[in-house]
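Participant: everything below, folded, please.
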Amino acid sequence: MKTLPAAHHIYRWIALAAAAVMVLRLGAGMFVFNHTIDEPAHLGSAIALYDVGKHVLNADHPPLARLVAGLPLWLQGVRLADEDRTTSVRKVDAAFAAGTRLLHDDRLGYWRVLNTARGAMLIFPCVALMYVWLLGRWLVDERVAMLATVFFSLDPTLLGHGLWVTTDTSALVGYLAAIYHGLRWMTRPTRATALALGAALGIAAGAKFSTVAALPALLIMLLIGWRAFVAMMRQRHADRVLRPLIVHSLIIALGAIVVLWAIYLFNIGRIGNSDILASHPAWQRVPEWMKQPPVPMPSLPLGLVRQMGHAREGHTSYLLGEVRDGGWWYYFPLMFIVKTPVATLAALAAAVVAWVLALRTALRCIRDDTSARAIGLLLLTPAIVFLAMCMMGRINIGIRHLLPAVPFVYLFIAWSLTRVRLDMVLLVLMLIAGIETARVHPDYIAYHNFAAGGAENGTRYSVDSNLDWGQDTWRLAQWLHSPAAEGREYTIRLSGGRQAPLLAELGLDPAALEREPGGLLAINKRRRLLELQDEFGWLDSVPPMHRIGYSIDVYDLDALRDNRGD
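Facilitator: Residues are numbered from 1 along each chain as shown. A predicted model of the protein is given here:
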């Protein structure tokens with residue numbers, strides 16, 4: 001079968017074109033989607049970083065994404081309201097309140113504030129594609145790099161969450177950077193590559209706490225190529241291994257700490273200057289003398305403890321018609337299956353089969369081109385480790401939490417299928433996958449593959465940020481102002497707090513959130529299924545008169561009452 005050349009000067013231009021198309025597709029949603037449920041908290045936290053010089057709002061997550069999103073706003077004069085300015089680490093509710101006030105500040109206007117921050121966030125999906133290219137080119141060749149980069153740029157999870165002001169795409173970049181620079185150090189263990197690895201680990205830790213999965217992933221990959229690694233260390237250091245390994249470990253640790261501290265703006269403060277754990281029994285048992293000494297990055301341990309508690313307690317979530325707090329161990333594998341294009345799943349299945357058939361080749365070292373097993377393991381290990389970590393958690397509110405694992409799937413597919421000369425088959429599957437995702441443009445957040453019933457039937461499986469993250473209120477306002485609904489009384493039920501300022505911003509009546517249902521009822525799927533099933537469960541068997549995107553249904557209650565005779 002005809003194959004592509006391993007290297008060609010046009011490959012990098014194709015990869016750049018794929019990145020440009022991805023940015024255009026993401027940018028198309030800027031004036032379609034209002035802020036999602038989580039974005040106000042991230043915006044409030046972002047401005048607080050620059051306004052206070054400390055990570056004080058929503059410390060449950062590290063601040064890298066907020067530094068990026070907040071910088072252009074800060075340069076345009078956006079500041080916290082007086083009531084939000086504090087030097088104490090506050091609970092997440094304070095971040096939501098601050099972010100809501102920032103969004104509705106008349107000085108810049110709602111859309112300018114929101115889209116300025118979103119525009120800055122586009123750097124993360126672009127850098128992620130760059131690292132996919134670098135990994136593919138370095139581990140295999142430019143052909144694999146180009147194919148994996150283009151294929152990943154079509155991924156609906158990347159397209160669905162690459163625009164929002166959250167920590168998901170920054171985590172993607174941090175995890176990719178840590179794995180790439182970790183492999184570079186393993187195959188060329190010098191002080192320079194050790195320092196680069198340390199910086200990458202600091203960036204990963206500053207992006208999202210879940211990127212800690214990079215450490216066990218790198219350890220497993222080091223064990224895969226341990227013999228080759230030891231041989232290289234001995235060759236470079238006159239048969240010594242232990243001493244240079246200790247030196248490199250210190251360089252890596254120091255580099256990670258300095259970079260992470262820089263992301264926290266080199267802040268030094270007291271852990272006790274916080275109210276986010278004030279009511280926690282374990283925190284109350286900690287002696288005061290331990291809370292008072294100044295330490296670097298006091299927000300880091302506080303946020304980490306909060307996030308660990310959240311992961312342990314779980315989050316109210318929905319799967320296959322069931323609502324629970326504890327989560328499901330199979331949530332992320334199932335979400336990957338239903339929210340990944342069928343063509344991509346077919347490519348992955350073919351890649352796994354091709355790789356398994358190649359396992360007769362003996363395991364060699366990391367860079368041994370005769371070993372299919374080694375490269376396959378190196379590409380799959382980061383994805384498997386991250387998936388395992390997600391499966392052990394109890395926060396099941398979106399496939400976006402699995403995003404850092406996804407690019408390694410595309411790298412594995414591109415490597416495995418080109419190795420058995422199925423380049424043309426891969427190109428056809430990529431084209432089909434692109435058509436599948438384009439079908440829901442720009443509603444990539446709601447994407448479900450056609451085998452799962454499409455985005456129209458996403459509630460069979462999940463809601464939350466897989467389908468309904470509060471993004472369609474602006475579309476609802478446009479429809480309610482159209483001739484189809486003009487003059488009708490309406491009631492609105494939406495997920496998330498502080499919806500009244502948004503409705504007022506969009507020219508809707510905030511009182512519609514509280515009044516008794518009548519006339520037109522606009523209700524988003526997340527709230528109906530998670531919170532209001534007792535009151536509106538009867539709507540499950542009633543088709544809506546109109547759908548707003550894939551997340552809000554509109555019912556004509558007057559017509560329904562007339563039809564039911566009451």
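
Participant: for the chain, which spans come out with low pLDDT?
Facilitator: Applying pLDDT under 70 to the chain picks out residues 1, 237-239, 278-283, 360-373, 562-566.

Participant: care to break it down by domain?
Facilitator: 268-316, 472-564 (automatic domain parsing).

Participant: out of these, flag the one nearest G398.
Facilitator: domain 268-316 (10.2 Å; C-beta to C-beta). For every residue, glycine as well, the C-beta is placed using N, CA and C.

Participant: contact partners for the residue nearest to the spatial centre of the chain?
Facilitator: In the chain, the residue lying closest to the centroid (C-alpha atoms, centre = their mean) is D168, at 2.3 Å. Counting by C-beta atoms under 8 Å, 6 or more residues apart in numbering, D168 touches 161, 208, 400-401, 403.

Participant: tell me which two of the residues you listed sit farthest apart.
Facilitator: The distance between the two most remote of those (C-beta to C-beta) is 12.6 Å, for H161 and K208.

Participant: please enumerate the helices of the stretch 101-250 of the chain.
Facilitator: 110-121, 123-139, 142-153, 156-161, 168-187, 191-207, 214-224, 226-236, 242-263 (DSSP state H, counting those that start in this stretch).

Participant: nearest to M430 among those would be which one?
Facilitator: Comparison of these against M430 by C-beta to C-beta identifies helix 142-153 as nearest, at 5.2 Å.

Participant: and the angle from that closest one to helix 123-139?
Facilitator: 150 degrees (axes from the mean of the first three to the mean of the last three C-alpha atoms, to 10 degrees).

Participant: for the residue nearest to D472 when sequence neighbours are not counted, give me phi and psi.
Facilitator: Computed as C-beta to C-beta, 6 or more residues apart in numbering, the closest residue to D472 that is not its neighbour in sequence is G549, at 4.0 Å. Dihedral angles of G549 (phi, psi; degrees, to the nearest 10) stand at phi 60, psi -140.

Participant: how close does G549 sit to R107?
Facilitator: 30 Å (C-beta to C-beta, to the nearest Å).

Participant: and those two? Which one has more around it.
Facilitator: G549 (22 against 11; other C-beta atoms under 10 Å).

Participant: shouldn't the more buried one be in contact with T473?
Facilitator: No: counting by C-beta atoms under 8 Å, T473 is not a contact partner of G549; they are 9.8 Å apart.

Participant: what sits against Y180?
Facilitator: By C-beta under 8 Å, 6+ apart, the contact set of Y180 is 131, 134-135, 138, 200.

Participant: okay, now the closest residue to A69 other than its chain neighbours: neighbour count?
Facilitator: Nearest residue to A69 in three dimensions, chain neighbours excluded: A117, at 4.1 Å (C-beta to C-beta, 6+ apart). Neighbourhood size, A117 [other C-beta under 10 Å]: 29.

Participant: just L387 next, same as before
Facilitator: What L387 shows, counting by other C-beta under 10 Å, is a neighbour count of 20.

Participant: and it, what helix or strand is that in?
Facilitator: helix 372-392 (DSSP states H and E).

Participant: which other helices and strands does that helix contact?
Facilitator: helix 123-139, helix 168-187, helix 214-224, helix 331-338, helix 406-419 (3 or more C-beta pairs under 8 Å, 6 or more residues apart in numbering; DSSP states H and E).

Participant: which positions in it come out as buried?
Facilitator: Using 16 or more other C-beta atoms under 10 Å as the test for burial, helix 372-392 gives 372-383, 385-387, 389-391.

Participant: rewinding a little: could you redo the helices of the stretch 101-250 of the chain as JSON lines and give each row distance to N449?
Facilitator: Formatted as JSON lines, the helices of the stretch 101-250 of the chain follow (distance: least, C-beta to C-beta, whole Å):
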{"stretch": "helix 110-121", "distance to N449": "26"}
{"stretch": "helix 123-139", "distance to N449": "21"}
{"stretch": "helix 142-153", "distance to N449": "15"}
{"stretch": "helix 156-161", "distance to N449": "9"}
{"stretch": "helix 168-187", "distance to N449": "20"}
{"stretch": "helix 191-207", "distance to N449": "28"}
{"stretch": "helix 214-224", "distance to N449": "27"}
{"stretch": "helix 226-236", "distance to N449": "40"}
{"stretch": "helix 242-263", "distance to N449": "37"}
